[in-house]
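1. no FASTA, just this:
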Ligand code: GAP
């Protein structure tokens, strides 16, 4: 069986080989934690973005979309708390000179202890038949001991973060005897806070220039436009504003491919509500977002909710939808109950009222906000990782198939003339000219049909259509399904409706409407 680490390595090389993702500026040896999307990657990414956008803006009458600028007035980030509090606790190993996020070191240590519990449970399950009371007691004692360790570390860690006690964070690392993965030593520096925002200068003359930031989240572009949208769109609470766009963070521990990047894309929606209704809307958005993921047909076991131990400076409740990536369960999306923190801060820092007059209550207030925030690149990785498969076929051969949700596949159908002559390319061309207004389709006449199937399987094309000599007279073609590999003879004029059923985004949206 392929190990998860190998699966991940395969995924990275597959993404490159088939034009999904390239290292940025590769000819100059690349730029760390920055990636470019290739010809197939850009299409897949667009489709995921479109699925998200339509599910928010098209399916909800009370959600509208905007496209705010990346640069914002620097006071925005003072008001939002990012200048003072958007930082990671970092620690260096003095021997390897490697820098780590202290919280990640502790979380990974806890995950290792959790792994030990899982192993105990697995061992007990295997010995189920002759599991006597003595064995039960000793297993139970070990599990309780591990669990106590986890609870103690989590409690200390939560307390340390709440008090911003960096000395205690270091002490936890020392007490847990965490070693540097590179040097293997416990020779650590103190823990320091490091702000994650990138800054640059606005203005050409250095004396006049002022420092501005590349936005670390798209959310603030929504908050500062709250009243613009509410008034011009005559929006009534509850209502939402959605936006997709680039965000930038100077991540120190930037690894795991496109999971943690320095330049990435977010898809965020801020839902403005009456104060006091946040619990109800928080639960509702948790459910709505999980359904959005589940509609894609990826195994439900791959998703789970994780409540935050430490709440961000703006939140009164928060959880992640975690996904089982090849390197374990990790955050894919955040759902945050942000209270009235952001609008209140912007009211205070700008001196402009950020209030909504509620005609039903006949009163004005600063709305509360529920936020849903998902990284487009992480969603891309989740989809790629769950789709890439190596299959053994009945005839003993193997194939690599990217079983992407068909609605998101970069190319929906590939059209092949069986041979490059006898009028078959012309029929294939005609089919393409008919389908191309609705779908991304492609033409391939090189190599055997078997090889052409393999090429399309590798990029996740749901359908391959072969034009043969009989097509000249019966006006039919052979359509082959990527997943079942079944081939069927169908009339050329039925192709559009057959493809439509499987690949249309509408069918996906109907599942969640
Ligand atoms: N506005 C709230 C916010 O930005 P977050 O949990 O910091 O919350 C939201 O980020 C989502 O953005 C995450 O769940 C993740 O999918 C994505 N994300 C955050 N940092 C990222 C990074 N460095 N690279 C790729 N995606 C990232």
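-> On my side now, so go ahead. None of these values were measured; they are calculated from a predicted model. Numbers count the residues shown, from 1 in each chain.

2. and residue 64, which of the three is it?
-> strand (DSSP: H, G, I helix; E, B strand; the rest coil).

3. the one 5 residues further on too?
-> Classification of residue 69 by three-state DSSP places it in coil.

4. per-residue pLDDT, it?
-> Taken from the predicted model, the pLDDT recorded for residue 69 is 98.

5. and what of residue 118?
-> Here the pLDDT value assigned to residue 118 is 88.

6. cool, the one 5 residues further on as well?
-> In the predicted model, residue 123 carries a pLDDT score of 83.

7. list the contacts for the residue lying closest to residue 353 once chain neighbours are set aside?
-> Using C-beta to C-beta, 6 or more residues apart in numbering and skipping the chain neighbours, the partner closest in space to residue 353 is residue 347 (6.1 Å). From N, CA and C alone the C-beta is placed, and that goes for glycine too. Contacts for residue 347 were tallied using C-beta atoms under 8 Å, 6 or more residues apart in numbering; they are 353, 354, 355, 366.

8. what's the neighbour count on the third one?
-> Summarising burial for residue 355: neighbours were counted as other C-beta atoms under 10 Å, giving 16.

9. just checking, it touches residue 346?
-> No - contact criterion C-beta atoms under 8 Å: residue 355 and residue 346 do not qualify, at 11.4 Å.

10. count the neighbours of the residue in the stretch 401-513 of the chain positioned nearest to the ligand for me.
-> Of all residues in the stretch 401-513 of the chain, residue 408 sits closest to the ligand, with a separation of 17.1 Å (C-beta to the nearest ligand atom). Residues near residue 408, counting by other C-beta under 10 Å, number 23.

11. same question for residue 162.
-> Neighbours of residue 162 using other C-beta under 10 Å come to 11.

12. where does the stretch 151-300 of the chain have low pLDDT?
-> Along the stretch 151-300 of the chain, segments meeting pLDDT under 70 span 205-209, 254.

13. so which bits of it are right by the ligand?
-> Proximity of the stretch 151-300 of the chain to the ligand, by C-beta under 6 Å from any ligand atom, involves residues 217, 219, 249, 251, 260, 261, 264, 266, 268.

14. the chain too?
-> Counting by C-beta under 6 Å from any ligand atom, the residues of the chain lying close to the ligand are 217, 219, 249, 251, 260-261, 264, 266, 268, 331-334, 371, 373-375, 377-378.

15. from the residues you listed, list the buried ones, please.
-> Neighbour-count burial (16 or more other C-beta atoms under 10 Å) is assigned, among those, to 217, 219, 249, 251, 260-261, 264, 266, 268, 331-334, 371, 373-375, 377-378.

16. tell me the confidence at residue 2?
-> On the pLDDT scale, residue 2 is placed at 65.

17. partners of the closest residue to the ligand within the stretch 251-400 of the chain in the sheet?
-> In the stretch 251-400 of the chain, the residue that lies nearest the ligand is residue 375 (2.6 Å; C-beta to the nearest ligand atom). For residue 375, the beta-bridge partners under DSSP bridges are residue 266.

18. so what's it up against?
-> By C-beta under 8 Å, 6+ apart, residue 375 lies in contact with 264, 265, 266, 267, 332, 333.

19. residues contacting the last one?
-> I take that to be residue 333. 289, 293, 320, 321, 372, 373, 374, 375, 378, 379.

20. could you look up the SS state of the fourth one?
-> It refers to residue 321. strand.

21. check which helix or strand covers the nearest residue to it once chain neighbours are set aside.
-> Nearest residue to residue 321, sequence neighbours excluded (C-beta to C-beta, 6+ apart): residue 333, at 4.3 Å. In this assignment (DSSP states H and E), residue 333 forms part of strand 328-339.

22. hmm, back to that, now list the buried members of the contacts of residue 347.
-> 354, 355, 366.

23. the host helix or strand of residue 156 - contacts with which helices or strands?
-> Secondary structure assignment for residue 156, by DSSP H and E: helix 133-162. With contacts taken as 3 or more C-beta pairs under 8 Å, 6 or more residues apart in numbering; DSSP states H and E, helix 133-162 sits against helix 102-126, helix 166-175.

24. nearest to residue 211, out of these?
-> helix 166-175 (25.5 Å; C-beta to C-beta).
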